[in-house]
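S.K.: Kindly return the folded structure for what I paste below:
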Amino acid sequence: MQRRPFLQFAGLGAIALASAAASLPAMAQASGPFKIGLILPMTGQQASTGRQIEAAARLYMAQNGDTVAGRKVELIVKDDVATPDVTKRLAQELIVNDKVNVIAGFGVTPAALAAAPLATQAKVPQVVMAAATSSITEASPFIVRSSFTLPQVSVAMGDWAPKNGIKSVVTLVADYGPGNDAEKFFTERFALNGGKVVDKLRVPLRNPDFAPFLQKVRDAKPDALFVFVPSGAGAAVMKQFLERGLDKAGIKLIATGDVTDDDQLNDMGEGALGVVTTHHYSAAHPSALNKKFVEAFEKANKGMRPNFMAVGGYDGMRIIYEALKATGGKGDGQALLDKMKGQVFESPRGQVLIDAQTRDIVQDVYLRKVEKKDGKLYNVEFDVLKAVKDPGKAK
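M.R.: From the prediction side, this is the model:
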């Protein structure tokens, strides 16, 4: 994704308006509603991401009220179809016309990067609730992330696999930022631990056909296939993995948790049983707080199970609410950003920290296995790595 300067896609009038919106007197801002512009893929290939995040954001508001520090909170949801040009236009409209105090959401990395120059220009915090490429927070000093990074969860699998009888692997990733991160950080750690990467395969992000790639994997006969695909594509991978008989050929499927997405897991069938993944959230996480979260989410959404996108949206709203409280209802972008940094709290996923230096999330990463509980499939945790920082930012 090219990080084009703001001037390339905004006229001078828009810049003036954005600057004016960013510099409104605090008293004037505090007198009106506090607006959150939620930019999400509500249609298209990544629609499940948008559906989960919006549902979680609305649940948080229902549980915590729509007035914070005397400000009425207003959520404005826009569909960007996970298309960067659309994201950029919507972000500009929300900042300039709607005068939002925060932009949030961002289902895929290119969308988050498209909005970053606008957040910088207008000094509006950008809360990334989904996109997971390591470098995103470096694209603007106003970005805070409530989701995760692919290096966080990929390194964990690179440690686990060689200790559990997996000596050779083929990697299969979606060909964009997060996939590149997953491939790089898994293969480096796997090789460091004595494993052999037989081949590295990348599939197109748009309309992927996994079949020819999976045939290559079967021919290569590795001990395991390591997979990353974005939320919503896991069911297709699982279906074709089984149809191609890779399981019967003795090839294990290991992956980041996007593949056994809670939102789709029960549609994958029993062929998913035993698949080991590494991730930061499971609907089966055994904490009391998570049990309450899952119950409330399902009740509010006709039985839909929350996934890792939902927890990114839920915690993102918490970060915004707490920052607004800490500023006494002031809508100033820099003041909000300063109060977002350093937040420590118990999430449905476990304890998290927003690193004050990187503005990225520090969180536990879990090893999970697909098991059947009460007649349904879940990602059941069996081990944990505590307080994992993004390895992509390790100095």
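S.K.: Would you mind confirming that Leu94 makes contact with Val100?
M.R.: Yes: shown here, Leu94 and Val100 form a contact pair, counting by C-beta atoms under 8 Å, at 4.6 Å. (Glycine included, C-beta is placed from N, CA and C.)
S.K.: Find the residue closest to the residue nearest in space to the middle of the chain in space, skipping its chain neighbours.
M.R.: Computing the C-alpha centroid of the chain and ranking residues by C-alpha atoms, centre = their mean puts Ala130 first, at 2.6 Å. Spatially, and ignoring its direct neighbours in sequence, Ala130 is nearest to Gly107 (4.8 Å; C-beta to C-beta, 6 or more residues apart in numbering).
S.K.: In the stretch 1-150 of the chain, mark out all the strands, start to finish.
M.R.: According to DSSP state E, counting those that start in this stretch, the stretch 1-150 of the chain carries its strands in the segments 34-40, 67-68, 71-79, 102-105, 126-128, 143-145.
S.K.: With the stretch 251-395 of the chain instead?
M.R.: Going by DSSP E, counting those that start in this stretch, the stretch 251-395 of the chain shows strands at 252-256, 276-279, 344-347, 350-354, 361-373, 376-388.
S.K.: about what we covered before: for the residue nearest to the centre of the chain, which residues are in contact?
M.R.: Counting by C-beta atoms under 8 Å, 6 or more residues apart in numbering, Ala130 makes contact with Leu40, Thr49, Ile53, Gly105, Phe106, Gly107, Val108, Ser147, Ser231, Met309, Gly312, Gly313.
S.K.: Next, give me the two most distant ones among these.
M.R.: Val108 and Gly313 (14.6 Å; C-beta to C-beta).
S.K.: List of residues touching stretch 330-347?
M.R.: Contacts of stretch 330-347 (C-beta under 8 Å, 6+ apart): 22, 26, 29-30, 34, 71, 101-102, 122-125, 127, 141-142, 144, 287, 289, 311, 314-315, 318-320, 322-324, 326-327, 351-356, 359, 363.
S.K.: Below-threshold pLDDT in this structure: ranges please.
M.R.: Within the chain, the segments meeting pLDDT under 70 span 1-31, 394-395.
S.K.: What subset of the contacts of stretch 330-347 is buried?
M.R.: Buried by 16 or more other C-beta atoms under 10 Å: 22, 29-30, 34, 71, 101-102, 122-125, 127, 142, 144, 311, 314-315, 318-320, 322-324, 326-327, 352, 354-355, 359, 363, out of those.
S.K.: Thr358 reaches Thr137, doesn't it?
M.R.: Yes: look at Thr358 against Thr137 with C-beta under 8 Å: they come within range, at 5.8 Å.
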